[in-house]
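J.: This is a predicted model, with the sequence first.
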Amino acid sequence: MSLDFDRIDALVFDIDGTLADTDDHLVDQIASVLDAVPFVSGRRATKLARQLVMGAETPVNAAYGMLDKLGLDDEFSRVKGRTKDLVERAREQRQRRAERPAGAADEVPHDMVPDVEEMLHALAERYPISAMSTGGESRIRAFLEHHGVLEHFSAVAGAQTTPRMKPYPDPLLYCAEAMGVAPERCLVIGDTTVDMRTARAGGAQAVGVLCGFGTEEELRREGAALILATTSDLLGVLAPSEDEIEGSAEPAAEADEDAAVRSHSEAGETPEA
């Protein structure tokens, strides 16, 4: 599957892990607990911690099932309780954020993924842009306003904006309608399999980014047409600089010249200098 650029009329971004650099502190906490479990140390602990946090935003707690399937010894049981507590904290934290009014005194906006602000400013000159998230709409707007990019967003779909949340297509359909674009002509950008499934359910293309929770294998399996190391790389894909365009054009020009030389040679002609 490859990206069809002719079908891209608008962009719909996920928030957490795609535009916002979220949950890393909690991931580190859970990873430090899992690090004591045999066979789950180091990178495995971090990967599992990210999956646990990601599972905390779904109605069904897939995280607990994943823990039980590990089939580890008694040492795991000693840390399992602490891990469950941390995952529960992730769920409660997300719920508080969803219910908290915009601008609340104790709300500290997350950082943006590096270089995303510049990317949004540039892409907004070419495409209508919207955002969809399982977080509260007021929190999303506060985050975007804090970073000076809210003006670029035609619509924001949060947890209570539509009857159903991701992976149902409702948030995507809401954003598409607000932008005046057919959903199948939207490009969804996200970091989780939930984002990819949402795009597929709405008939849209999807780009997966690796700066959040999903892995390349997971994102491709759920339909990502393109995988990027980080969200800001999308700018080079959709709005390449003149240097990038010239760099890609040079090999093609050289190939055309070589083909012309071969054609003249085969005909017994000498190409003009």
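T.: That came through fine. Residues are numbered from 1 along each chain as shown.

J.: Quick one, grab the pLDDT at G103.
T.: Each residue has a pLDDT score; the one for G103 is 48.

J.: any low-confidence regions in the stretch 151-273 of the chain?
T.: 241-273 (pLDDT under 70).

J.: where along it do the strands fall?
T.: All strands of the stretch 151-273 of the chain, identified by DSSP state E, counting those that start in this stretch, fall at 153-157, 186-190, 205-209, 226-228.

J.: and the second one with strand 205-209, angle?
T.: When you say that, I think you mean strand 186-190. 20 degrees (axes from the mean of the first three to the mean of the last three Cα atoms, to 10 degrees).

J.: Okay, now the sheet partners of strand 186-190, with direction.
T.: Each strand paired with strand 186-190, and its direction, by DSSP bridges: strand 10-14 (parallel), strand 205-209 (parallel).

J.: Chain neighbours aside, what residue packs nearest to G214?
T.: Leaving aside its sequence neighbours, G214 sits nearest to T192 (Cβ to Cβ, 6 or more residues apart in numbering; 4.8 Å). Placement of C-beta: from N, CA and C, glycine included.

J.: Let's have the strands of the stretch 151-273 of the chain in JSON lines, adding mean neighbour count and distance to R7.
T.: Converted to JSON lines, the strands of the stretch 151-273 of the chain look like this (neighbours: other Cβ atoms under 10 Å; distance: least, Cβ to Cβ, whole Å):
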{"stretch": "strand 153-157", "mean neighbour count": "22", "distance to R7": "18"}
{"stretch": "strand 186-190", "mean neighbour count": "28", "distance to R7": "8"}
{"stretch": "strand 205-209", "mean neighbour count": "26", "distance to R7": "6"}
{"stretch": "strand 226-228", "mean neighbour count": "18", "distance to R7": "13"}
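
J.: export these to CSV and tack on distance to L19?
T.: Below are those laid out as CSV (distance: least, Cβ to Cβ, whole Å):
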stretch, distance to L19
strand 153-157, 10
strand 186-190, 9
strand 205-209, 10
strand 226-228, 13
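
J.: Domains in the protein, by residue range?
T.: Following the assignment in automatic domain parsing, the chain carries domains at 5-21+110-238, 24-99.

J.: and the first one, how far apart are its ends?
T.: Right, domain 5-21+110-238. Counting by Cα to Cα, to the nearest Å, you get 8 Å between the two ends of domain 5-21+110-238.

J.: Around V194, count how many other residues there are.
T.: By the measure other Cβ atoms under 10 Å, the count of residues near V194 is 20.

J.: does it really touch K166, like I thought?
T.: Yes: taking Cβ atoms under 8 Å as the definition, V194 is a contact partner of K166 at 5.0 Å.

J.: tell me the contacts of V207?
T.: Neighbouring residues of V207 by Cβ atoms under 8 Å, 6 or more residues apart in numbering: 3, 187-190, 224-228, 234, 237.

J.: how about a cut-off of 6 Å?
T.: 189, 226 (Cβ atoms under 6 Å, 6 or more residues apart in numbering).

J.: ok, it to R139 distance?
T.: 24 Å (Cβ to Cβ, to the nearest Å).

J.: State the number of residues packed around E217.
T.: Residues near E217, counting by other Cβ under 10 Å, number 9.

J.: which one is K166 nearest to, not counting chain neighbours?
T.: T198 (4.4 Å).
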